[in-house]
Each structure stands twice: as C-alpha cells, then as structure tokens.
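S.K.: have a look at this prediction, sequence included:
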Amino acid sequence: MHLTTEDLSAIFLTLQLASVTTVLLLLIATPIAWWLAHTQSGWRAPIAALVALPLVLPPTVLGFYLLIALGPLGPIGRFTQWAGWGSLAFSFSGLVLGSMIYSLPFAVQPLVNAFEAMGSRPMEVAATLRANKLDAFFTVAIPLAKPGFVMAAMLSFAHTVGEFGVVLMIGGNIPDKTRVVSTQIYGHVEAMEYAQAHGLAGAMLVFSFVVLLVLSWVNRRRTQTAI
Amino acid sequence: MNAIQLQLDLGRSSFHLKVDLHLPAQGISVIYGPSGSGKTTLLRCVAGLETQARGRVQVGLDVWQDDSLGVSLPTAQRPLGYVFQEASLFAHLDVAANLSYGLKRSHARNQQMVLDEAIALLGIGELLHRRTDQISGGERQRVAIARALATQPKLLLLDEPLASLDSARKQDILPWLEKLRDELKIPMLYVTHAADEVVRLADTLVVMDAGQVRAVGPVTEVLSNSDLPLVVGDDVGALIEGHVQDLDKQWHLAQVRISKASSGVAGEGNPTHISIWVRNSGLQIGQPVRLRVLARDVSITLEEAQNTTIQNHLPCVVESVHAESHPSQVLLRLRCGELLLLARVTARGAHDLGLQVGTQAWAQVKSVALVK
C-alpha cells in the first residue's frame, strides 16, 4: 500500500478540517448545552430538536440547503460578499461551517449529559463559597464535565472525518482545497483504483475503531470516578 | 439589634413557606420538623439559593435581602457558610484545594491563619492531600464544615449534616459540632429531624410544620411547653440544663444542680436550688450537662414519699393539665422552682389525688437521660 501525494493532501486536509471544526464546535456547543441542561423555557424542546436534526437528516439535504444559503443569492452568501469574503461555497471555510452544523449534535449531546449528571449542587456549593456564576462555571462546572468534553471532542472529530455527503454538496471535491479522505476514496473507486481505495479505507477503518476504543475507556474511567 | 431576622414567603405548587422569625445571633438555632415541612427550603431561602423567595433577611446589621427595597444579594455575596446534607466536596479538587476554594474568594484577612484554625478545629490536618473519594463519610462532612468556616462566615447554615451518616459516624462528628458551638462565636442555623441532635445541640428551637413555624424559643422552654407537646424521639419530655455539683463515689451517682431551666417567671421567688441525681458516667464537678426527663418517667405523690427506691423527689406545683390522645391519660406541666417538668399520669390517678392547677405535690423522677 502506498499513498499518492493527492492522498496525503486529502488526509492532511481532513485532519485540518476536523481539528478546526472540533475547536470551534466546542466553543459553540458549550453554551448551547449549558442552556439545554438548565433551562425550563418552553423553547427547550424545539431548540433541542433543531440541534439534533443533523442526526436524522440525509447529509445531502443538509448540504443542499447549505449550498443555497452559501451561494451568491443565499442569505449567508450575500452577507459574506457584502463583507468582502466572497462566496463560502466550494471553499475550506464553507466546509468548516457545514461540518460544524453536521457534527453539532455529537458535540452538544455529551455535554448536555455531563451537565445534567452534575446537577445544580456543585454550582450552588460554589456560590456559597463566594464564587460568582462565571467563576464557578470555569472553576467547577467545566472541570467536573471534563469527560463530557473529551467525548464531545472525540465524537465531533471522528464524525467530521467521516462526513461525505455534505462535503460533496458544498465542497465540490477540489484537490488541496476541499478534497477530503472520504471524497478521495469515492474518486478512487469511481476511477477503478481499488488498491488506492483500500489504503485510505483501511486507514479510516483503523482510525474509527481506535476512536471508539478510546471513548469506551474514557467512559469507563468516568463511571469509576463518579461517586 | 444583634439578631437574625427572617421574613420569608415562597409559594410552590405543593406547599407554601411563610415564616417570620427573630432568632438570637448566637448559639445554635435548630430547625426541627418532619420531612417536607420546609426546613431545607427555609435554609436555602436564607442563603439566596431560592431565587423566587420574597421577604427580608437580616443578619446582625447586614441586610441580605429586602424585597420592599428591591435588595437581594446573590448567594456569592452573602457572607455565609453552607454545609449540605451530602458533603458535596468538589470531586476534581483534593481536600486542600476544596478548603481553599472559598477562602481565596472571601476577603478574609489572615487567610492562612483562618485556614489553619479551621483545619485544627475539625481535626483534618492528616487529610489535606487526599482525594475527596479517598476519605470516609464523616471525614468528608468535617472537610465540608471546615471549607465553609474558612470563608469566615457571619452565619453558618447546616442542612442535616449528619443525616447521611450511620450512627457510629454520627457519634464521631457530634463532638466536633459541639466544639464549634462552644469555641466559635458564629451563629448557626441547623436543620434536622433527629431528636438526639435537637436535645444535644439546640440553644434555640424552631419547630416547623407545613411551611409554617409552630413554635420558637429557648429549647428548654419549647420542649416543656405542654400546649404543644413536642414528641422528640420516643416521647415528650423536659430538657434541663445544669452543672455537676457533687459526686457520690460509692454509688456512682452525680448530683446536677439546675442552673438554667425553662425561662419565664422564677417560681414565686422560691430560692431553693433544685438538684437531680443522675448516673455518673465519668462526670467532673463543675461540668455543664443537659438532662432529659421524659413525661412517662415522672409520677406524682401528694406527700414526699419515704420508702421508695426513687432518688429524685422534687416539690412542685401543677401548672396545667392537658388531655392526652388516649382518654385514660393526662399530661401535667409541673413547676419545681425554676424547673419545668412534664408528667404523663393516668387520668384516674390524677382525679383520685385531686390534681388541678395550683395543687402542691411532689414529682418523682424515675429515670433521667444524660444527653450531653
């Protein structure tokens, strides 16, 4: 098995995409998850459903709407053009945006679970020890929810690495810009380059297995340290 | 006015908390009542953890909440210490970091000294570098108390701190609580539904039921009040404070002189000092003690009995007579000088002796429990 420069470029781009997506996603998912775990608002159910939508929607549907929105006549496209960034469709930034939406439930759900499992007590204790809410959030809630963050990061990363439909719809499979491992494999298969496809597909298989294995270790350690 | 004033109102779908309390800003005020009577909710309101509660909270000269003035400090700005039923230590920090969490955020001076005092007072110096899941339940609770003390609170709130411990652990930690009461000047509100904690720790007793305060006052007075026979543990009974005056070494008995009984009028200027003999289990002369005399252990004679094994005979006056739930019994309140006792006797016996309010008689005390 040997990898071509195009394969390596696709792998590099995939890792880059997954890393950027994961970091940005955790920043966005944390407040959403905190809100979902604590609110008693009537908006909770619709927002939770909206966040979970990418789980059930065919990626092509998501990709289609994103393409429309990012295009020159779509709301996001108009904004990015007005701001002088051009169109995000068929660009790396567009892929990041699409991946974030696509992987959102995989980041939010573990965090919601972690915050709910923690309950309100640690924050109350922190308040009686003179910590204001923001202080308590960073010094108590986040450290206590660390296994949730680890899981959210790994799931988001792995899920982004494995996406295909959305990437194909809004990325356009442009070498070095938007061609990731999954679309590269597709390309190899289309071109009957089975040996190449085997190499990449095998690497993905091993990667996914390792991620799941590590996740189950993290999970087990968490249940052991829980009181 | 150096006192704690709590006027609080909190409506919930299932119950309504409404209290108006003035408590002394010293000693332990025990809040006692059945489950669901609103004890914990009251404590949470004082701490500002129940944001829906309306009213007024004043501790000493500091107003923490007064909704008529639109003032309500968030919990983090109320100088209080809170000990939850489960120790609720932060699992991601070791014992030392738990202790310093609040300390760092309080504006206390001499922080190291305050911390060292709290550690010494609760005897947890050995535990500082342990993880919170490596120490026992009793130790966790002591760390939680020290953590609260380290912030130098003006009021310490304890929500059933012993309820999650088994009885042996409980016996381990009760002396630490007594030490806190005796050595610190911090007033405490202490929620419990355990009788032994009431008779051992309370200076002031607040009895709650269904979100309302049913009785409040010095513990000896509230427990001797036959208008509200308060079953604490097995039975109603009087709580008596005194100190050891004499020891009978031959018979292993100690004589306790009643120093502070129920308040109220000192019985018709009667200067006689009341004393009671109790079993001596290592008592020292001068030691302060608390005794509990259950109503069922007190009987009455019209003249001082001569040939009896009962050691404690006290001259008394019948202050009130109350019907009991079973018609064969009556509950009497007796004043023996400064001391108030409750006696449950058969209604026929009371009738035969012609007992009524004002009757002079002798109370015979069959059994006395030393609670402290």
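M.R.: Received the coordinates, thanks.
S.K.: burial of the closest residue to chain B within chain A, as a residue count?
M.R.: Nearest residue of chain A to chain B: residue A:129, at 3.2 Å (C-beta to the nearest C-beta). Bear in mind the C-beta positions are built from the backbone N, C-alpha and C, glycine included. Taking other C-beta atoms under 10 Å in any protein chain shown as the criterion, the count of residues near residue A:129 is 27.
S.K.: doesn't residue B:100 make contact with it?
M.R.: No: applying C-beta atoms under 8 Å, one finds residue A:129 not in contact with residue B:100, separated by 9.9 Å.
S.K.: ok now the helix or strand that contains residue B:43, how far from the chain's centre?
M.R.: Taking DSSP states H and E as the criterion, residue B:43 maps to helix B:39-47. Distance of helix B:39-47 from the chain centroid (C-alpha atoms, centre = their mean, to the nearest Å) equals 17 Å.
S.K.: does residue B:58 belong to a helix, a strand or coil?
M.R.: strand (DSSP: H, G, I helix; E, B strand; the rest coil).
S.K.: still on that earlier bit, got the buried residues for the helix holding residue B:43?
M.R.: By neighbour count with 16 or more other C-beta atoms under 10 Å in any protein chain shown, helix B:39-47 contains the buried residues B:39, B:40, B:41, B:42, B:43, B:44, B:45, B:46, B:47.
S.K.: so which other helices or strands are in contact with that helix?
M.R.: When contacts are defined as 3 or more C-beta pairs under 8 Å, 6 or more residues apart in numbering or on different chains; DSSP states H and E, helix B:39-47 packs onto strand B:3-11, strand B:16-24, strand B:28-32, strand B:54-59, strand B:80-83, strand B:155-159, strand B:188-192.
S.K.: how about the residues of chain A by chain B?
M.R.: By C-beta under 8 Å from any C-beta of the partner chain, the part of chain A that sits against chain B consists of A:121-122, A:124-133, A:135, A:139-140, A:143-144, A:146, A:225, A:227.
S.K.: from residue B:80, how far off is the residue of the stretch 151-300 of chain B found nearest chain A?
M.R.: Taking C-beta to the nearest C-beta as the measure, the stretch 151-300 of chain B has residue B:151 as its residue closest to chain A, at 6.1 Å. Counting by C-beta to C-beta, to the nearest Å, the gap between residue B:151 and residue B:80 amounts to 8 Å.
S.K.: all helices of chain B, in order?
M.R.: B:39-47, B:95-105, B:111-122, B:137-149, B:167-183, B:195-201, B:219-223, B:347-352 (DSSP state H).
S.K.: just put the ones you listed in TSV and tack on distance to residue A:78 and mean pLDDT.
M.R.: Shown next, in TSV, are the helices of chain B (distance: least, C-beta to C-beta, whole Å; pLDDT from 0 to 100):
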stretch	distance to residue A:78	mean pLDDT
helix B:39-47	51	95
helix B:95-105	48	93
helix B:111-122	57	87
helix B:137-149	55	91
helix B:167-183	67	82
helix B:195-201	69	86
helix B:219-223	74	86
helix B:347-352	93	90
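S.K.: now those as JSON lines including distance to residue B:361?
M.R.: Output for the helices of chain B, formatted as JSON lines (distance: least, C-beta to C-beta, whole Å):
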{"stretch": "helix B:39-47", "distance to residue B:361": "38"}
{"stretch": "helix B:95-105", "distance to residue B:361": "56"}
{"stretch": "helix B:111-122", "distance to residue B:361": "47"}
{"stretch": "helix B:137-149", "distance to residue B:361": "46"}
{"stretch": "helix B:167-183", "distance to residue B:361": "36"}
{"stretch": "helix B:195-201", "distance to residue B:361": "26"}
{"stretch": "helix B:219-223", "distance to residue B:361": "21"}
{"stretch": "helix B:347-352", "distance to residue B:361": "10"}
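S.K.: so residue B:145 sits right up against residue B:159, yeah?
M.R.: No: taking contacts as C-beta under 8 Å, residue B:145 lies outside contact range of residue B:159: 11.8 Å.
S.K.: what do these two both touch?
M.R.: Common contact partners of residue B:145 and residue B:159 (C-beta atoms under 8 Å, 6 or more residues apart in numbering or on different chains): residue B:83.
S.K.: and the two? Which one has more around it.
M.R.: Taking other C-beta under 10 Å, residue B:145 and residue B:159 do not tie; residue B:145 has more neighbours (24 against 21).
S.K.: from residue B:169, how far off is that one?
M.R.: Distance of residue B:145 to residue B:169, given as C-beta to C-beta: 14 Å.
S.K.: excluding covalently adjacent residues, which one is nearest to residue B:131?
M.R.: Among residues not flanking residue B:131 along the chain, residue B:94 sits closest, at 5.6 Å (C-beta to C-beta, 6 or more residues apart in numbering or on different chains).
S.K.: can you count the residues close to that neighbour?
M.R.: Taking other C-beta under 10 Å as the definition, residue B:94 ends up with a neighbour count of 16.
S.K.: what sits closest to whichever residue of the stretch 1-150 of chain B sits closest to chain A if chain neighbours are left out?
M.R.: Nearest residue of the stretch 1-150 of chain B to chain A, counting by C-beta to the nearest C-beta: residue B:102, 3.2 Å away. Leaving aside its sequence neighbours, residue B:102 sits nearest to residue A:129 (C-beta to C-beta, 6+ apart; 3.2 Å).
S.K.: any idea how far that neighbour is from residue A:24?
M.R.: To residue A:24, residue A:129 is 33 Å away according to C-beta to C-beta.
S.K.: then residue B:249?
M.R.: For residue B:249, the distance to residue A:24 - C-beta to C-beta - is 82 Å.
S.K.: which one of those two is surrounded by more residues?
M.R.: Using other C-beta under 10 Å, the more surrounded residue of residue B:249 and residue A:24 is residue A:24, with 16 against 8.
S.K.: now the more buried one: closest residue in space that isn't a chain neighbour?
M.R.: residue A:100 (6.0 Å).
S.K.: just the buried residues of the host helix or strand of the one you found, please?
M.R.: Using DSSP H and E, residue A:100 falls within helix A:92-118. For helix A:92-118, burial by neighbour count (16+ other C-beta under 10 Å) applies to A:92, A:94-115, A:118.
S.K.: number of nearby residues for the residue nearest to residue B:209 when sequence neighbours are not counted?
M.R.: The spatially closest residue to residue B:209, leaving aside those adjacent along the chain, is residue B:37, at 5.0 Å (C-beta to C-beta, 6+ apart). Using other C-beta under 10 Å, residue B:37 has 23 other residues around it.
S.K.: can you pull the phi/psi pair for residue B:37?
M.R.: phi -90, psi -10 (degrees, to the nearest 10).
S.K.: just checking, it touches residue B:213?
M.R.: No: at 9.8 Å, residue B:37 and residue B:213 do not qualify as touching, with contact defined as C-beta under 8 Å.
S.K.: circling back to that earlier point, among the helices and strands packed on helix B:39-47, which is nearest residue A:37?
M.R.: In terms of C-beta to C-beta, the element of the helices and strands packed on helix B:39-47 nearest to residue A:37 is strand B:80-83, at 22.7 Å.
S.K.: between the lowest-mean-pLDDT helix or strand in chain A and helix A:92-118, how many degrees?
M.R.: Between all helices and strands in chain A, the lowest mean by mean pLDDT, DSSP states H and E belongs to helix A:194-225, at a mean of 83. Compare the direction of helix A:194-225 with that of helix A:92-118 by axes from the mean of the first three to the mean of the last three C-alpha atoms, to 10 degrees and you get 30 degrees.
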